[in-house]
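Peer 1: No letters, just coordinates:
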């Protein structure tokens, strides 16, 4: 491939990547508004949901949020019954956060059903090898973004 074609290909890729990122951000913000959440709270809830339980400190470490900001996040999500605090009997200062997956899915699933259906239809147009390549890109790109976030949060 010539230098010009490579430069053009990379430029097109960067443009497509930026458009995807922007579309994802704006779509999630719209879903959050419809669900009665802020865009950030919606994304943080998505980060918490896979855990059976998690501490506020672990949420702070995952997100880079201050402990005070995490407390506010937990307060807001608990008020909506999307998670709950459980106090440890041996040490009442230690609090475990338990996501309420059932309530969260009731709230969010309707907004994702059509998206999921369209995404699966789109994926069906790609070969297994192409899907594996796309998956590999997303995994590696996410690692780069997580490293960048971690480095920024250290400063």
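Peer 2: Yep, it's here. Please read all numbers here as calculations on a predicted model, not as lab measurements.

Peer 1: switch to C-alpha atoms for all contacts and neighbour counts from now on
Peer 2: Fine.

Peer 1: what residue lies at the spatial centre of the chain?
Peer 2: Computing the C-alpha centroid of the chain and ranking residues by CA atoms, centre = their mean puts residue 43 first, at 4.6 Å.

Peer 1: So which elements touch the strand or helix carrying residue 140?
Peer 2: Here residue 140 sits within helix 128-154, counting by DSSP states H and E. Of the remaining helices and strands, none touches helix 128-154 by 3 or more CA pairs under 8 Å, 6 or more residues apart in numbering; DSSP states H and E.

Peer 1: How about the backbone phi and psi for the residue nearest to the centre of the chain?
Peer 2: Dihedral pair for residue 43: phi -70, psi -40, per degrees, to the nearest 10.

Peer 1: Pull up the gap between it and residue 73, please.
Peer 2: From residue 43 across to residue 73, the span is 11 Å (CA to CA, to the nearest Å).

Peer 1: Residue 64 too?
Peer 2: Residue 64 is 13 Å from residue 73, by CA to CA.

Peer 1: and if you look at residue 146?
Peer 2: Residue 146 is 21 Å from residue 73, where distance means CA to CA.

Peer 1: Give me the more crowded residue out of these two.
Peer 2: Neighbour count, other CA atoms under 10 Å: between residue 146 and residue 73, residue 73 has more, with 19 against 14.

Peer 1: Packing partners of the helix or strand that contains that one?
Peer 2: Here residue 73 sits within helix 67-79, counting by DSSP H and E. Applying 3+ CA pairs under 8 Å, 6+ apart, we find helix 67-79 packed against helix 39-48, helix 56-63, strand 83-88.
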